[in-house]
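A.B. asks: next comes the sequence, and after it the predicted model I'd like to discuss.
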Amino acid sequence: MAEAASLLTIFGATGDLAQRMLLPSLYGLQRDGLLPPRLRILGTARTGQDTMAYRALVAKAIERHVPAGEQDAGVLAALLERIDYHPAALDDPEGLARLGGVVARMRAGGDVLYHLSTAPGWYAPVCAALGAHGLAGEGTRVMLEKPLGHDLASAVAINDDVGRFFDEERVFRVDHYLGKEGVQNLIALRFGNALFEPLWNARHIEQVQISVAETVGVEGRGDYYDGSGAMRDMLQNHLLQLLCLFASEPPSRFEPAAVRNEKLKVLHSLRPIGAAEVAAETVAGQYLAGAVDGVAVPGYRDELGRDSGTETFVALRAQVDNWRWKGVPFYLRTGKRMPRRCTEIHVQFRDVPHSIFDHGGARLQPNTLVIGLQPQEHIELRMMTKTPGLDRQGLRLSPVALDLDMQAEFGDLRRRPAYERLYLDALEGNGTLFVRRDETEAAWAWVDGIRDGWNAHQMAPRGYQAGTWGPARAVTLAERHGHAWRE
Ligand SMILES: NC(=O)C1=CN([C@@H]2O[C@H](COP(=O)(O)OP(=O)(O)OC[C@H]3O[C@@H](n4cnc5c(N)ncnc54)[C@H](OP(=O)(O)O)[C@@H]3O)[C@@H](O)[C@H]2O)C=CC1
Ligand SMILES: O=C1O[C@H](COP(=O)(O)O)[C@@H](O)[C@H](O)[C@H]1O
């Protein structure tokens, strides 16, 4: 493991992501005493301001985005004490050279973590400038925000540009879902219990559903989102990462190479969905005006203020062609303006081979396991049990849920932003919960095949009313195979 960084330099330190997520996460780490003791933080952006003005912006961001019950003047003061600001326009070589001087001074011979929280178009010039000033060598690492390209070719170009200055072990590609407690709990559930592994395969599992539903629309990010859509914004990264963690073989260790090698094998086993399959195996949708939580909301095009063929919903049936998963459908879906916010994995086990309880029309229901990631973390195992009481026809059975509620189990848990985990790990040089180059490129290759198929058929997204679970066609996608989405 690398030495803990002595300097964190955040590019884009005045931006929305920095204010809503990054600074509150650093505050959380400061509060829990988890920041490396010597760590200094250097914020940089285009805005011309001094350190005191930037510290005032940080204080305001903490006040707005950290829950009131977690705010503490002493913690804030200690965090602000670590922070400096230096303005630099990324298209100004002299400005970048001056910034380089500040970095060289502040790192004081220690390791540096650069977090590029800017538009990806800046990654290449920033890395080149760091390289030119001798600030990209050993002891430095770089954390990259998504989107990492909009297709395979653009992802390769970004990776090549960054790779000219930073070796792969020093590149930390963010998928913030990997920093979520619930996602790490999926890893714990699978590899910390002997119970599930024997059942975790096509012999015992009938179907798997991975749903990431959002109630929000595009929230002022319309310009970015309209060039992206649900497939590239969510499915290419977050949903495929969840699929990989669910479906991978057990890694030999919880360490970067072992975990990422196993995830990569899953991506390579995904059966391509191309022009011949897209109509049957995928559904794209775009929300129309409707109501979410009883509040009327406009349609996507009205929100955007222009016409658009971008999908805000996608559902598909994926197949992982390997010994473990042959024949098991993985239904993935994600969408904006759904009825409720919910990220969960639903596993349906196979029916019992022969039922001894088939009397009076009674039917056994298959066991199900629900791994809830958001908004609450919970694990629910649904099993058939005897219905209490007497019945002339024999035993009657009912489904009952064994429910593990993490809040109830572990007390009043603080909801940690994913970036707390990600910063902690990147500062210490641990890439286990970051995405390796080959993973992101394999994910793009698979998604590009689907998008090429859509383009070949000129498939336009189907409308769905805001506040519903997507176009009716998404229901038939599963029903055709005898399955139903869990809602
Ligand atoms: N916001 C979000 O929820 C999410 C964002 N991301 C990604 O994070 C990155 C940042 O996003 P976000 O914070 O929303 O973007 P913003 O547009 O809010 O912020 C952009 C930041 O980049 C700086 N910047 C822009 N142009 C220049 C320039 N020429 N020279 C120097 N600095 C410049 C801005 O500085 P200044 O203010 O001084 O102009 C600002 O600090 C993007 O890659 C985005 O895709 C990923 C997931 C979610
Ligand atoms: O990466 C993204 O994720 C958010 C959803 O993240 P969550 O942590 O709130 O589940 C999504 O809204 C955004 O469009 C996307 O870029």
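C.D. replies: Yep, it's here. Ligands and ions are numbered 1, 2, ... in the order given.

A.B. asks: which SS state does residue 443 fall under?
C.D. replies: At residue 443 the chain is in helix, as set by DSSP: H, G, I helix; E, B strand; the rest coil.

A.B. asks: ditto for the one 5 residues further on
C.D. replies: Secondary structure of residue 448, reduced to three states by three-state DSSP: helix.

A.B. asks: and this protein, what are its domain boundaries?
C.D. replies: 7-145, 178-479 (automatic domain parsing).

A.B. asks: and the first one with ligand 1, contact?
C.D. replies: This points to domain 7-145. Yes - Domain 7-145 lies within reach of ligand 1 by Cβ under 6 Å from any ligand atom, at 12-18, 45-47, 89-91, 117-120, 145. The C-beta positions use only the backbone N, C-alpha and C, and glycine is treated the same way.

A.B. asks: take those residues and keep only those in helices.
C.D. replies: Among the residues of domain 7-145 next to ligand 1, DSSP state H puts 16-17 in helices.

A.B. asks: only the buried members of the residues of domain 7-145 next to ligand 1: can you turn that into a PyMOL selection?
C.D. replies: In PyMOL syntax, the buried subset of those is picked out as below (16 or more other Cβ atoms under 10 Å):
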select buried, resi 12+13+14+15+17+18+45+90+117+118+120+145
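
A.B. asks: what pairs with residue 211 across the strands?
C.D. replies: Beta-bridge partners recorded for residue 211 (DSSP bridges): residue 333, residue 344.

A.B. asks: list the contacts of stretch 407-422.
C.D. replies: 21-22, 24-25, 28-29, 34, 70, 143, 172, 174, 176-181, 184, 376-377, 406, 433-434 (Cβ atoms under 8 Å, 6 or more residues apart in numbering).

A.B. asks: identify each buried residue in it, please.
C.D. replies: Along stretch 407-422, these residues count as buried under the neighbour rule (16+ other Cβ under 10 Å): 416-422.

A.B. asks: how about stretch 250-267?
C.D. replies: In stretch 250-267, counting by 16+ other Cβ under 10 Å, buried: 251, 256, 259-267.

A.B. asks: could you give me the average pLDDT of the helix or strand harbouring residue 243?
C.D. replies: If you go by DSSP states H and E, residue 243 is part of helix 240-247. The pLDDT scores in helix 240-247 average 98.

A.B. asks: for the residue in the stretch 201-350 of the chain that ligand 2 sits nearest to, give its distance to residue 224.
C.D. replies: For the stretch 201-350 of the chain and ligand 2, the shortest gap (Cβ to the nearest ligand atom) falls at residue 233, measuring 4.8 Å. Counting by Cβ to Cβ, to the nearest Å, the gap from residue 233 to residue 224 is 8 Å.

A.B. asks: contact partners for residue 319?
C.D. replies: Per Cβ under 8 Å, 6+ apart, neighbours of residue 319: 270-271, 325, 327-330.

A.B. asks: in CSV, list the buried residues of stretch 250-267 along with secondary structure and pLDDT.
C.D. replies: Converted to CSV, the buried residues of stretch 250-267 look like this (DSSP: H, G, I helix; E, B strand; the rest coil; pLDDT from 0 to 100):
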residue, secondary structure, pLDDT
251, coil, 97
256, helix, 97
259, helix, 98
260, helix, 98
261, helix, 98
262, helix, 98
263, helix, 98
264, helix, 98
265, helix, 98
266, helix, 98
267, helix, 98
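
A.B. asks: keep only those that also lie close to ligand 1.
C.D. replies: Among the buried residues of stretch 250-267, no residue lies close to ligand 1 (Cβ under 6 Å from any ligand atom).

A.B. asks: for the stretch 201-350 of the chain, which residues are neighbours of ligand 2?
C.D. replies: Near ligand 2, when you scan the stretch 201-350 of the chain using Cβ under 6 Å from any ligand atom, you find 214, 233-234.

A.B. asks: quick one: classify the residue nearest in space to the middle of the chain as helix, strand or coil.
C.D. replies: The chain has residue 177 as the residue nearest its centroid, 2.8 Å off, counting by Cα atoms, centre = their mean. Taking three-state DSSP as the rule, one finds residue 177 in the helix state.

A.B. asks: ok, and the closest non-adjacent residue to residue 303?
C.D. replies: Distances taken as Cβ to Cβ, 6 or more residues apart in numbering place residue 217 nearest to residue 303, at 5.2 Å, with adjacent residues excluded.

A.B. asks: ignore the last one, residue 38
C.D. replies: residue 6 (5.0 Å).

A.B. asks: gap between that neighbour and residue 109?
C.D. replies: Counting by Cβ to Cβ, the gap from residue 6 to residue 109 is 8 Å.

A.B. asks: over to residue 283?
C.D. replies: 55 Å.

A.B. asks: for residue 148, same thing?
C.D. replies: In this view, residue 148 and residue 109 are 31 Å apart by Cβ to Cβ.

A.B. asks: related to what we said a few turns ago, which of residue 233 and residue 224 has more residues huddled nearby?
C.D. replies: residue 233 (24 against 12; other Cβ atoms under 10 Å).

A.B. asks: phi, psi for that one please.
C.D. replies: phi -70, psi -40 (degrees, to the nearest 10).

A.B. asks: who's in contact with it?
C.D. replies: By Cβ under 8 Å, 6+ apart, the neighbours of residue 233 are 147, 225.

A.B. asks: over to the one 5 residues further on?
C.D. replies: When contacts are counted by Cβ under 8 Å, 6+ apart, residue 238 is found next to 175, 177, 212, 334.

A.B. asks: touching, the third one and residue 239? I think so.
C.D. replies: Yes - contact between residue 212 and residue 239 holds when scored by Cβ atoms under 8 Å: they sit 6.0 Å apart.

A.B. asks: joint contacts of these two?
C.D. replies: Contacts common to residue 212 and residue 239, judged by Cβ under 8 Å, 6+ apart, are residue 334.

A.B. asks: how about the nearest residue to residue 176, chain neighbours excluded?
C.D. replies: The nearest residue in space to residue 176 (Cβ to Cβ, 6+ apart) is residue 418, at 4.3 Å.

A.B. asks: try residue 173
C.D. replies: Using Cβ to Cβ, 6+ apart, the closest residue to residue 173 is residue 435 (4.2 Å).

A.B. asks: thought that neighbour was touching residue 171?
C.D. replies: No - with contact defined as Cβ under 8 Å, residue 435 does not count as touching residue 171 (9.5 Å).

A.B. asks: neighbour-wise, which of these two wins?
C.D. replies: residue 435 (24 against 21).

A.B. asks: contacting residues around that one?
C.D. replies: 148, 173-175, 178, 237, 241, 260.

A.B. asks: of those residues, grab the buried ones for ChimeraX.
C.D. replies: Per 16+ other Cβ under 10 Å, the buried members of those correspond to this ChimeraX selection:
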select :148,173,174,175,178,237,241,260
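
A.B. asks: closest to ligand 1 among the contacts of residue 435?
C.D. replies: Nearest member of these to ligand 1, counting by Cβ to the nearest ligand atom, is residue 174, at 7.6 Å.
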